[in-house]
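A.B. asks: This is a predicted model, with the sequence first.
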Number of protein chains: 2
Amino acid sequence: MLTNRQLLILQVTVDDFIQTAQPVGSRQLSKKEEVPFSPATIRNEMADLEELGYLEKTHTSSGRIPSEKGYRFYVDHLLTPQLASSDDMLQIQSVFKERMVETEQVIQKTAMILSELTSYTSILLGPDVRKHRVKRFSIVPLTSDSAVAIIITDSGHVENRLFELPQGLTASEIEKMVNILNEQLTGVHLHELQNVLEKETSVLLKQHMGRYGELMASFGAAISGPQEEKVFYGGKSKLLHHPEFSDLQKARGLITMMDQVNQISTLFSPNQAGIHIRIGSENNLLEMEDCSVITASYTIGEEQMGSIAIIGPTRMDYRRVVTLLDVMSSDLSRELTRILRGS
Amino acid sequence: MLTNRQLLILQVTVDDFIQTAQPVGSRQLSKKEEVPFSPATIRNEMADLEELGYLEKTHTSSGRIPSEKGYRFYVDHLLTPQLASSDDMLQIQSVFKERMVETEQVIQKTAMILSELTSYTSILLGPDVRKHRVKRFSIVPLTSDSAVAIIITDSGHVENRLFELPQGLTASEIEKMVNILNEQLTGVHLHELQNVLEKETSVLLKQHMGRYGELMASFGAAISGPQEEKVFYGGKSKLLHHPEFSDLQKARGLITMMDQVNQISTLFSPNQAGIHIRIGSENNLLEMEDCSVITASYTIGEEQMGSIAIIGPTRMDYRRVVTLLDVMSSDLSRELTRILRGS
DNA sequence: ATTAGCACTCTCAAGAGATGAGTGCTAAAA
DNA sequence: TTTTAGCACTCATCTCTTGAGAGTGCTAAT
């Protein structure tokens, strides 16, 4: 168990390092009002904190910097909540002032403002399409052998896929098919779609349609295709402005990683409420060794819909980011709910 | 007018610099078989070429590097066409082997392969939506006061927008509206849509609809909203691996620029056939001072539809990129035409 | 338990050669 | 007249040294 003095020194050390990005020395610390001890005392305490694994040195005679364990402790025990500054609040309001009607626009703008306010990179995962329900089906033939299938969800999201049409299908057959689909599938979750289609709807369709097999092969494949969450970035280049990435090697790694969408999802905790912080190697990604990720999620109505993440250096301003993310996620939830449930 | 010997030396100098990224010296050049002159002779010629503005020195006693004017001359007069290697051809075929049905997939994959083959960054502008024609309109009410408008184009592209519904509009009124829209607007170019809607269709709608004014305010705004070309990137980080961007300052600038979609469009020449090369400052963008952009375009059927661009350092392998772009743009055109016009 | 003092360690920046690649110029060779 | 050899000179780069500065650990005094 740490003594109060050790807690104080750890806190001030982390705070200082977050601000300056420079290793903090004992003399420097003792000058601060909050720390009424002599450099020698501080040195002793720091040596103990280092032994316990909370602090590190960059070289034998440098000041100390927080270790991952140090950040973890700081985040878990020393992070006092804080109200968002009125300045920040104003900026956040501005996102929602325009009363946009497209969810994508709102999310994109949220991403931008977040990265603007934090000077880190933000990633927003778009609404999880698979949780939406079918509102309406539609099939529009394009040529004699291709058509586009359209699914409108209750949230106003529109999915569309091209698929091949078997030869000789008549317009009235297609119409019949659309009717059956609408009757049978309205209200079904998108992620259950394939299932229901195969098990239940197929029986009905088989009765009413010629060339059932061919049709379902291409239609089924089309609508059960990948429904990925869309990824929105804010300020991809912001990260490069922090001194920890003045190493080109690391900068390259990060940029490369951000271009690989599949890697991104590993950064998000399984969609759960509240704010989560992953520090450095906790991200299980080599490129993210020097980064921390703070995630939150937003809801539409009552349901978890998507996630918000801020990526910054491990030496990031956790307090500020947590505060902003907290405000932002609830504001975003409110706004999206307004759009989709009516104002 | 340049002598033959000057042409030779300029060509070899540019070729060599493109390969090695090192200033090329006279001694080094004279070792090559193609250049049967002594270093001293080459020095004299190089001095002349420098005076004419085709070559530069990085410092007083360094070898020469091509100036922008040098690259321009090289590209305009010294670039002998070349057949794509069979290895490259194989790679390119692989994009189209899978017979994908979604245009976006094809374009995205094209972007990826291009950047893979060139080790530069590729940008593909998606099909210009405004050139597509309306195939079908659809309106799906979501709540009592909002609906989603859907436009399906003849190319299978689907545009959708949320808009607000005036209170008390009945389902049959909406149906009537959709019918009118389909009758009147089918076959209209998307970029003429707003025009036709206001001038012609509005008369009809006014006769049959209650609350015409309110409805058109929000519906009109929705469907005439921005229809931007989608931008696809391949290998955003590839650029960072070239030595000219080991300067962090420049790297940052580039990455930042690529995130600003509006800047991207300035890189493309007005959509015209053939291959265009812009070197360094010809791009009129500060961040692109050290980059060249090579653009081509692809067609669907007969019509110019979108553009392909490769961004590399000014010291890029022009010959190779031009060749690849040539092959790729015609292959992409063929494939997209197949998808949309039926195989 | 705390602090002052001191020797020690390490980084960083500036300066001094040394090296090497390359140039321009001049005079000799072709 | 054109080409080439030779030579002095320039500049970037690498390495080594040096000194300053910041910080530490340890010991002894408070």
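C.D. replies: Good, I have the coordinates.

A.B. asks: which element is A:Asn195 on?
C.D. replies: A:Asn195 belongs to helix A:193-196 when elements are defined using DSSP states H and E.

A.B. asks: In CSV, list the C-alpha atoms belonging to the helix or strand following that helix.
C.D. replies: Using DSSP H and E, the helix or strand that follows helix A:193-196 towards the C-terminus is helix A:202-208. Only the C-alpha atoms of helix A:202-208 are listed here, as CSV (Å, rounded to 0.1, in the frame of the first residue of the first chain):
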residue,chain,number,x,y,z
SER,A,202,-37.9,-19.8,-48.1
VAL,A,203,-40.8,-22.2,-47.8
LEU,A,204,-43.3,-19.5,-48.9
LEU,A,205,-41.0,-18.3,-51.7
LYS,A,206,-40.5,-21.8,-53.0
GLN,A,207,-44.3,-22.1,-53.5
HIS,A,208,-44.7,-18.9,-55.4
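
A.B. asks: after helix A:202-208 comes which helix or strand?
C.D. replies: Counting by DSSP H and E, what follows helix A:202-208 is helix A:212-223.

A.B. asks: what's the offset of the helix holding A:Asn195 from the middle of its chain?
C.D. replies: Offset of helix A:193-196 from its chain centre (Cα atoms, centre = their mean, to the nearest Å): 28 Å.

A.B. asks: Stretch A:30-46 too?
C.D. replies: Counting by Cα atoms, centre = their mean, stretch A:30-46 comes out at 40 Å from the chain centroid.

A.B. asks: what's the answer for stretch A:307-317, then?
C.D. replies: 11 Å.

A.B. asks: and what of stretch A:85-98?
C.D. replies: Taking Cα atoms, centre = their mean, one finds the center of stretch A:85-98 at 20 Å from the center of the full chain.

A.B. asks: what's next to that stretch, contact-wise?
C.D. replies: With contacts defined as Cβ atoms under 8 Å, 6 or more residues apart in numbering or on different chains, stretch A:85-98 is touched by A:84, A:106, A:109-110, A:113, A:116-117, A:323-324, A:327-328, A:331, A:335. All C-beta spots, glycine's among them, are computed from the backbone N, C-alpha and C.

A.B. asks: Low-confidence stretches in the stretch 201-343 of chain A?
C.D. replies: For the stretch 201-343 of chain A, the stretches with pLDDT under 70 are A:271, A:342-343.

A.B. asks: Show me where it has its helices.
C.D. replies: A:202-208, A:212-223, A:248-259, A:261-265, A:318-341 (DSSP state H, counting those that start in this stretch).

A.B. asks: How about the shortest one, which residues are buried there?
C.D. replies: Which is helix A:261-265. Neighbour counts over helix A:261-265 (16 or more other Cβ atoms under 10 Å in any protein chain shown) mark A:Ile264 as buried.

A.B. asks: which residues touch that helix?
C.D. replies: With Cβ under 8 Å, 6+ apart as the criterion, helix A:261-265 contacts A:123, A:125, A:228-229, A:231, A:257-258, A:285.

A.B. asks: Max pairwise distance over these: which two?
C.D. replies: The distance between the two most remote of these (Cβ to Cβ) is 19.5 Å, for A:Glu228 and A:Leu285.

A.B. asks: Same drill for these two, tell me which one is more crowded.
C.D. replies: A side-by-side neighbour count of A:Glu228 and A:Leu285, using other Cβ atoms under 10 Å in any protein chain shown, places A:Leu285 first with 18 against 14.

A.B. asks: Check the gap between the more buried one and DNA strand D for me.
C.D. replies: 31 Å (Cβ to the nearest atom of the strand, to the nearest Å).

A.B. asks: And the helix holding A:Asn195, what's buried?
C.D. replies: Of all the residues in helix A:193-196, those buried under the rule 16+ other Cβ under 10 Å are A:Leu193.

A.B. asks: What lies in contact with it?
C.D. replies: A:134, A:151, A:184-185, A:188, A:220, A:223-224.

A.B. asks: which SS state does the closest residue to DNA strand C within the stretch 1-150 of chain A fall under?
C.D. replies: Residue nearest to DNA strand C within the stretch 1-150 of chain A (Cβ to the nearest atom of the strand): A:Ser61, separated by 2.9 Å. Here A:Ser61 is coil, with the state taken from DSSP: H, G, I helix; E, B strand; the rest coil.

A.B. asks: For the stretch 151-300 of chain A, what lies in contact range of chain B?
C.D. replies: When proximity is defined by Cβ under 8 Å from any Cβ of the partner chain, the stretch 151-300 of chain A lies next to chain B at A:152, A:154-156, A:158, A:160-164, A:222, A:233, A:235-237, A:240-241, A:246, A:248, A:251-252, A:255-256, A:259.

A.B. asks: can you pull out the helices in the stretch 51-200 of chain A?
C.D. replies: A:68-73, A:86-97, A:103-118, A:171-185, A:193-196.

A.B. asks: pLDDT of the shortest one, averaged?
C.D. replies: Helix A:193-196 shows a mean pLDDT of 89.

A.B. asks: for the longest one, same thing?
C.D. replies: Taken as a whole, helix A:103-118 carries a mean pLDDT of 94.

A.B. asks: Apply the buried test to the residues of the stretch 151-300 of chain A next to chain B and list what passes.
C.D. replies: The buried subset of those (16+ other Cβ under 10 Å) comprises A:152, A:154-156, A:158, A:160-164, A:222, A:233, A:235-237, A:240, A:248, A:251-252, A:255-256, A:259.

A.B. asks: ok, now how distant is the residue in the stretch 151-300 of chain A that DNA strand D sits nearest to from DNA strand C?
C.D. replies: The nearest approach of the stretch 151-300 of chain A to DNA strand D comes at A:Leu248, 15.7 Å away (Cβ to the nearest atom of the strand). Distance from A:Leu248 to DNA strand C, counting by Cβ to the nearest atom of the strand: 17 Å.
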